[in-house]
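Q: Below are the sequence and a predicted model; questions follow.
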Amino acid sequence: MEGNITSITEFILLGFPLSSRIQLLLFGIFFLLYTFTLLGNGTILGLICLDPRLHTPMYFFLSHLAVVDMSYACNTVPQMLVNLLSPTTPISFAGCITQTFLFLTFANAECLLLVVMSYDRYVAICHPLRYSAIMSWRLCITLAVTSWTIGVLMALIHLTLLLPLPFCGPQRVDHFFCEIIAVLKLACADTHINEIMVLAGAMSVLVGPFSSIVISYIHILCAILRIQSGEGRQKAFSTCSSHLCVVGLFYGTAIIMYVGPRYGNPKEQKKYLLLFHSLFNPMLNPLIYSLRNKEVKVALKRVLGKETFVKRC
């Protein structure tokens with residue numbers, strides 16, 4: 001029986017089953033969004049590197065978030081654009097597995113980085129006098145390295161379980177990239193353990209961290225309400241509002257996809273949710289932080305040489 005099984009060497013990504021004219025339109029739209037994602041996150045990263053006033057723990061973690069967002073887009077969007085122009089263009093087995101591994105790594109790292117950023121805001125609001133002592137550069141680097149390391153290790157667990165599986169056909173992945181559940185459906189073996197591990201991994205990096213973020217912001221809200229002046233409350237809340245928007249967008253879509261009801265069903269709406277999660281989220285993050293953050297706008301104008309307009313922002 002095993003002698004009749006032929007291992008496949010490439011996959012075809014089905015992407016979005018639409019007419020060629022609509023696919024061409026989507027190519028133009030997604031290419032623009034991809035460009036904006038790289039430009040927006042690249043600008044945030046450049047500003048943080050160039051402006052000494054942004055060399056603080058908050059912007060240190062934001063720079064890592066920008067790297068994750070650019071990596072997200074670069075991992076999935078180029079192949080999706082190729083498939084929109086030429087739907088039958090294959091992706092190699094090694095390329096598909098690498099794409100799966102990198103997506104899981106970046107997803108896990110972003111989950112943990114958002115938790116670290118919420119802890120930074122918690123210390124800044126609830127323990128302002130001890131902020132510099134608690135959020136030392138040694139701790140910041142340790143938290144960032146830990147987030148990336150755990151992201152890689154958790155992705156390696158899924159990769160270790162995925163590689164031994166036989167893939168003998170069909171070779172059509174019902175997704176716009178090699179998403180792990182879509183790839184598992186093509187395996188010629190029982191993938192029950194793999195699917196349990198995907199759900200367990202999603203629970204550990206989504207539900208647990210999200211709960212800790214909620215607890216942090218409950219303490220932050222209580223601390224803000226104790227501030228006497230309205231101006232002080234507004235300033236304190238403004239430092240957290242951008243992060244709250246990013247957390248809501250990221251965790252909202254991720255929890256619906258991997259922990260929500262009817263988990264594992266091949267629904268088109270989940271495919272579009274993941275498109276929002278991997279393309280629109282990375283594009284919106286720099287817009288949220290730049291439009292709602294005075295320090296970023298001031299730094300941008302300073303770098304562009306518009307010092308005379310700094311006081312008007």
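A: Thanks, I have the structure now.

Q: need the strands for the stretch 101-250 of the chain, in chain order.
A: For the stretch 101-250 of the chain, the strands defined by DSSP state E, counting those that start in this stretch cover 172-173.

Q: list the contacts for the nearest residue to residue 209 once chain neighbours are set aside?
A: If you skip the residues right next to it in sequence, residue 209 has residue 115 as its closest partner in space, 4.4 Å away by Cβ to Cβ, 6 or more residues apart in numbering. Where C-beta positions appear, they are placed from N, C-alpha and C, glycine not excepted. Residue 115 sits next to 209, 212, 213 when contact means Cβ atoms under 8 Å, 6 or more residues apart in numbering.

Q: Could you measure from residue 115 over to residue 188?
A: Here residue 115 is placed at a distance of 38 Å from residue 188 (Cβ to Cβ, to the nearest Å).

Q: low-confidence ranges in the stretch 1-150 of the chain?
A: By pLDDT under 70, the low-scoring segments of the stretch 1-150 of the chain are 1-7.

Q: Break down it into its helices, ranges please.
A: Secondary structure of the stretch 1-150 of the chain (DSSP state H, counting those that start in this stretch): helices located at 20-50, 57-85, 93-126, 131-134, 137-162.

Q: Please apply the same query to the stretch 151-300 of the chain.
A: Ranges of helices within the stretch 151-300 of the chain are 180-184, 192-202, 208-225, 230-258, 268-275, 281-291, 294-303, based on DSSP H, counting those that start in this stretch.

Q: Deepest-packed of these, please.
A: Ranked by mean neighbour count, the helices of the stretch 151-300 of the chain are led by helix 180-184 with a mean of 23 (mean count of other Cβ atoms under 10 Å).

Q: That one packs against which elements?
A: Secondary-structure packing of helix 180-184 (3 or more Cβ pairs under 8 Å, 6 or more residues apart in numbering; DSSP states H and E): helix 93-126, helix 137-162, helix 192-202.

Q: Take the ones you listed and lay them out in JSON lines including distance to residue 234.
A: As requested, those are exported to JSON lines (distance: least, Cβ to Cβ, whole Å):
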{"stretch": "helix 93-126", "distance to residue 234": "13"}
{"stretch": "helix 137-162", "distance to residue 234": "27"}
{"stretch": "helix 192-202", "distance to residue 234": "36"}
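
Q: Tell me which of these sits most buried.
A: Most buried among the helices and strands packed on helix 180-184, given mean count of other Cβ under 10 Å as the contact rule, is helix 93-126, at a mean of 21.

Q: so residue 280 makes contact with residue 33?
A: Yes: judged on Cβ atoms under 8 Å, residue 280 makes contact with residue 33 at a distance of 7.0 Å.

Q: hang on, the earlier thing: so can I have a markdown table of the helices of the stretch 1-150 of the chain showing distance to residue 10?
A: Converted to a markdown table, the helices of the stretch 1-150 of the chain look like this (distance: least, Cβ to Cβ, whole Å):
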| stretch | distance to residue 10 |
| --- | --- |
| helix 20-50 | 21 |
| helix 57-85 | 12 |
| helix 93-126 | 6 |
| helix 131-134 | 51 |
| helix 137-162 | 16 |
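
Q: between those, which gets nearest to residue 244?
A: helix 93-126 (8.9 Å; Cβ to Cβ).

Q: Let me know the closest of the contacts of residue 115 to residue 300.
A: Distance ranking of those against residue 300, using Cβ to Cβ, places residue 213 first at 27.8 Å.

Q: The closest one reaches residue 116, doesn't it?
A: No: using Cβ under 8 Å, residue 213 is not in contact with residue 116; the gap is 10.1 Å.

Q: anything in contact with each of the two?
A: Applying Cβ under 8 Å, 6+ apart, one finds that no residue jointly contacts residue 213 and residue 116.

Q: Quick check: residue 243 touching residue 121?
A: Yes: using Cβ under 8 Å, residue 243 is in contact with residue 121, at 6.0 Å.

Q: What is the burial count for residue 68?
A: By the measure other Cβ atoms under 10 Å, the count of residues near residue 68 is 25.

Q: ok, now the one 3 residues further on?
A: Residue 71 has 18 neighbouring residues, counting by other Cβ under 10 Å.

Q: measure it to residue 8 for me?
A: Applying Cβ to Cβ, the value for residue 71 to residue 8 is 27 Å.

Q: before we move on, what about residue 288?
A: Residue 288 sits 41 Å away from residue 8, going by Cβ to Cβ.

Q: Perfect, I'm done here.
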